[in-house]
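Student: Sequence and computational prediction follow.
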Amino acid sequence: MRVLGIEGTAWCASAALYDAEADSVLIESDPYEPDSGGIHPREAAEHMSEAIPEVVDRVLTAAEAEHGPDAVDAVAFSRGPGLGPCLRIVGTAARSLAGTLDVPLVGVNHMVAHLEIGRHQSGFDNPVCLNASGANAHLLGYHDGRYRVLGETMDAGVGNAIDKFTRHVGWSHPGGPKVEAAAKEFAADASEAGGGEAGAPADLLDLPYVVKGMDFSFSGISSAANDAADDGVAVERICFSLQEHVFAMLAEVSERALSLTGADELVLGGGVAQNDRLREMLAAMCEARGADFFAPEPRFLRDNAGMIAVLGAKMAAAGDTLPVAESAVDPNFRPDQVPVTWRAGESVARVPSSGESTGAGATGAGKTSAEAAEAETVDRRGAEATVTVTGTGDGRRVTKRRVAKSYRYPALDRTLRRDRTVAEARLTSEARRAGVPTPLVYDVDLATTTLSLQHVGERDLAAALEERWTERVGRHLARLHRAGMVHGDPTTRNVRVSPDGRDGARSDGTAEGTPETYLIDFGLGYHTGHVEDHAMDLHVFEGSIRATAADPDPLIAAFEAGYESVGDPEVLGRLRDVADRGRYR
Ligand SMILES: C[C@@H](O)[C@H](NC(=O)OP(=O)(O)OC[C@H]1O[C@@H](n2cnc3c(N)ncnc32)[C@H](O)[C@@H]1O)C(=O)O
Ligand SMILES: Nc1ncnc2c1ncn2[C@@H]1O[C@H](COP(=O)(O)OP(=O)(O)OP(=O)(O)O)[C@@H](O)[C@H]1O
Ligand SMILES: [Fe+2]
């Protein structure tokens, strides 16, 4: 099968021919380059109306010269997301070409295409995908016939966040490559001058680092970078610091997604993925956890019609074509709206089956959870920390050590680990005083960023997802919020449950209460009375359920009912806004 693809969601007018038998891709592109500022939608659309027919014509001419008049078996086009005026031009061109050639039309989601080109080229079975593009930034994982959004930016796309800074300092669009060059220059100059530790230049600028579960935010960092420029900080230093913060955030949430889903493959997509430092950090993160990493070559990372044609061929082969009457474009087309027809019959995502031994490096692996619970020592590795359990029965203790992340700039890494260890010790205790079941904190060692904690629960909620537990988590978060705190990372891996315990009575029948669900891992928690921050906690918890549960709705309904019975109804109202805001424009 040969598919002609058309791309033109924002800046890149592109056409491509994918020959599935030969697995070869011919791409012809014509970028729109704004004279000043960022992308102007009207100018971009004018560019598309001139450039799309030209690139299509070039590809079609080449295809027919080689394969004759029946060279094309289907026409695929980017249906969204993107700028409405640009998308409409692409849609019109695709419909008319499919009609002229009398072949089927395929409507492709641009973000799913960014993901699938990496999966196609890597041959990975079931990877988590990080899409790092201009207008977007999100993590996708396949589960039950859809790509779920495991985490995403709460405001700008990663490229746009960087471009916002370069516009501020008067650099032309696109800013990403210029920031990369300036950051490299800063690192080279610093290392010539003697540099800092571990080969890293000294003098990282302190910028906001905002991660909430697997979601993240760039608005604070863009403004802080602009302010630094206004204050006269050298622009190369800002570029270096911007990259170190933004890409470390992306590497961290990617690691969390691998840890939560149990996946051991990561693919990278999108225009920002052309950045060497981002790829280097992700490769280092994956190597440290024993996961495989793949990023396609640059021509398939930046916007291009090659990826549209490749996914278009898979969709056409699955019979997933579009009647013209239903082929309207969608500027807000989300990746999780796409029924993944081309992976039908594949095995479903691996979800950790036991909370006792997920992730690499578990010495308890291969044992049943009962056997592991009896063992003297059990090691587990979360996304941030290694956890060792010592002792038996009620005397069990957990030693949790936040380990250094080699992908992160050393001083930033140390600060994050230290701050989170302090926050976890403090908030774990304060939450308990507010009536939320949490482990007792026995000891804190900041030099080694290690906590000694009471062992609680018999398994992670991820391994026992039931409505009766999510209802309790709702109550616990409501109580926490009423006390002016947020958890910051309330996922199904950060709730422990004791299925055999009974509320109000110990499992041995004595009067002392044994709560059935505990919140753990408060490292991203903080004090706040803002409705917005409280709503974000609920958003993160619901996201972690959607990422792993086969039937999330009843679990979420129970969670919200639990929250409602104790908490502020305004927070549940705000939750709807937060969820919508994460949806990119
Ligand atoms: C919906 C669609 O229109 C949109 N397209 C898009 O954002 O173009 P894309 O080619 O994927 O990414 C462009 C972004 O990629 C950044 N970029 C390009 N090279 C870069 C580099 N070496 N380092 C950092 N950023 C880079 C640019 O600054 C720009 O912000 C998207 O995929 O979100
Ligand atoms: N106090 C505790 N009692 C029982 N088990 C615990 C305790 N603390 C941690 N664990 C276990 O260790 C795992 C990892 O701990 P934790 O979540 O604190 O670290 P992390 O590296 O931040 O992990 P993640 O990224 O999965 O959230 C937990 O999912 C849980 O199974
Ligand atoms: Fe893109």
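Tutor: Good, I have the coordinates. Numbers count the residues shown, from 1 in each chain. Ligands and ions are numbered 1, 2, ... in the order given.
Student: hey, let's count contacts and neighbours off CA atoms from now on
Tutor: Will do.
Student: Check the secondary structure at the closest residue to ligand 2 within the stretch 1-150 of the chain for me.
Tutor: Closest approach between the stretch 1-150 of the chain and ligand 2, counting by C-alpha to the nearest ligand atom: L150, at 13.7 Å. Secondary structure assignment for L150 (DSSP: H, G, I helix; E, B strand; the rest coil): strand.
Student: That one: what's it in contact with?
Tutor: H138, L139, L140, G141, M214, A257, G543, S544, A547 (C-alpha atoms under 8 Å, 6 or more residues apart in numbering).
Student: A547 now?
Tutor: A547 touches G141, H143, R148, V149, L150, T261, counting by C-alpha under 8 Å, 6+ apart.
Student: likewise F300?
Tutor: With C-alpha under 8 Å, 6+ apart, F300 has these contacts: H114, I117, G306, M307.
Student: Of the residues you listed, which are in range of ligand 2?
Tutor: For ligand 2, no contacts are drawn from the contacts of F300 by C-alpha under 6 Å from any ligand atom.
Student: Out of those residues, which end up buried?
Tutor: Using 16 or more other C-alpha atoms under 10 Å as the burial test, these include H114, I117, G306, M307 as buried.
Student: The first one: what's it in contact with?
Tutor: I take that to be H114. N131, G269, G270, F300, L301, M307.
Student: Now, those that are in helices?
Tutor: Residues of the contacts of H114 located in helices (DSSP state H): M307.
Student: want to try CSV for the contacts of H114, with pLDDT as columns?
Tutor: Shown next, in CSV, are those (pLDDT from 0 to 100):
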residue, pLDDT
N131, 98
G269, 98
G270, 98
F300, 98
L301, 98
M307, 98
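Student: and the contacts of H114, which of them are in strands?
Tutor: Among those, the ones falling in strands (DSSP state E) are N131, G269.
Student: farthest-separated two in the contacts of H114?
Tutor: N131 and M307 (13.4 Å; C-alpha to C-alpha).
Student: which pair in the contacts of F300 spans the largest distance?
Tutor: Longest span within the contacts of F300, C-alpha to C-alpha: H114 and G306, 10.0 Å.
Student: What helix or strand is H138 located in?
Tutor: strand 137-143 (DSSP states H and E).
Student: least confident pick among the contacts of L150?
Tutor: Lowest pLDDT of the contacts of L150: A547, 84.
Student: quick check: angle from the helix or strand hosting that one to strand 137-143?
Tutor: A547 belongs to helix 531-548 when assigned by DSSP H and E. Interaxial angle of helix 531-548 relative to strand 137-143 (axes from the mean of the first three to the mean of the last three C-alpha atoms, to 10 degrees): 30 degrees.
Student: can you tell me if helix 531-548 touches ligand 2.
Tutor: No: judged by C-alpha under 6 Å from any ligand atom, helix 531-548 and ligand 2 are separated, with a smallest distance of 11.1 Å.
Student: now the angle between helix 531-548 and the helix or strand just after that helix, please.
Tutor: Using DSSP H and E, the next helix or strand after helix 531-548 towards the C-terminus is helix 552-566. Put simply, helix 552-566 runs at 150 degrees to helix 531-548, going by the same axes, to 10 degrees.
Student: For the next helix or strand after helix 552-566, which helices and strands make contact with it?
Tutor: Per DSSP H and E, the first helix or strand lying C-terminal to helix 552-566 is helix 569-582. Where contact means 3 or more C-alpha pairs under 8 Å, 6 or more residues apart in numbering; DSSP states H and E, helix 569-582 is packed against helix 531-548.
Student: hmm, who's touching stretch 170-187?
Tutor: 33-39, 159, 162-163, 166-167, 200-201, 235-237, 239-241, 243, 272, 275, 277.
Student: Okay, and which of these map to strands?
Tutor: Using DSSP E, none of the contacts of stretch 170-187 sit in strands.
Student: so which of these are also by ligand 1?
Tutor: G159, D163, V272, N275.
Student: Need the nearest residue in space to P490, chain neighbours excluded.
Tutor: Nearest-residue entry for P490: F541, 5.2 Å, with adjacent residues in sequence omitted and distances by C-alpha to C-alpha, 6 or more residues apart in numbering.
Student: coming back round to it: just put the contacts of H114 in a markdown table and tack on distance to V389.
Tutor: Listed next are those as a markdown table, based on distance: C-alpha to C-alpha, whole Å:
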| residue | distance to V389 |
| --- | --- |
| N131 | 36 |
| G269 | 38 |
| G270 | 41 |
| F300 | 45 |
| L301 | 43 |
| M307 | 47 |
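Student: In space, what's closest to the residue in the stretch 201-350 of the chain that ligand 2 sits nearest to - neighbours in sequence excluded?
Tutor: Ligand 2 sits closest to R256 of the stretch 201-350 of the chain, with a gap of 5.5 Å, by C-alpha to the nearest ligand atom. In this structure, R256 finds its nearest non-sequential neighbour in A383, 5.3 Å apart by C-alpha to C-alpha, 6+ apart.
Student: okay, now the one you found: neighbour count?
Tutor: A383 sits with 18 neighbouring residues when counted by other C-alpha atoms under 10 Å.
Student: and T528, how many neighbours?
Tutor: 15.
Student: And the pLDDT at it?
Tutor: 98.
Student: ok, it - contacts?
Tutor: Contacts of T528 (C-alpha under 8 Å, 6+ apart): G484, M485, V486.
Student: got the contact list for the residue sitting nearest the centre point of the chain?
Tutor: With distances taken as C-alpha atoms, centre = their mean, the residue of the chain nearest its centroid is L139 (2.8 Å). Contact partners of L139, counting by C-alpha under 8 Å, 6+ apart, are V128, C129, L130, N131, V149, L150, G151, E152, S254, A257.
Student: And it, how far from A94?
Tutor: Distance, L139 to A94, by C-alpha to C-alpha, to the nearest Å: 29 Å.
Student: again with R79
Tutor: Taking C-alpha to C-alpha, one finds R79 at 10 Å from A94.
Student: Out of the contacts of H114, flag the one nearest to A15.
Tutor: Nearest member of the contacts of H114 to A15, counting by C-alpha to C-alpha, is M307, at 10.1 Å.
Student: So, low pLDDT: which residues of the stretch 401-550 of the chain?
Tutor: 501-515 (pLDDT under 70).
Student: Which residue ranges of it form helices?
Tutor: Counting by DSSP state H, counting those that start in this stretch, the stretch 401-550 of the chain has helices at residues 410-433, 467-482, 531-548.
Student: tell me what the longest one is packed against?
Tutor: Taking 3+ C-alpha pairs under 8 Å, 6+ apart as contact, the helices and strands that helix 410-433 lies on are strand 441-445, strand 450-454.
Student: List the buried residues for the first one?
Tutor: Pointing back at strand 441-445 there. V441, V444.
Student: And stretch 459-477, by the same measure?
Tutor: Buried-residue list, stretch 459-477, by 16+ other C-alpha under 10 Å: 459-465, 467, 469-477.
Student: Mind checking if it is in reach of ligand 2?
Tutor: Yes: Stretch 459-477 is in contact with ligand 2 by C-alpha under 6 Å from any ligand atom, via D460.
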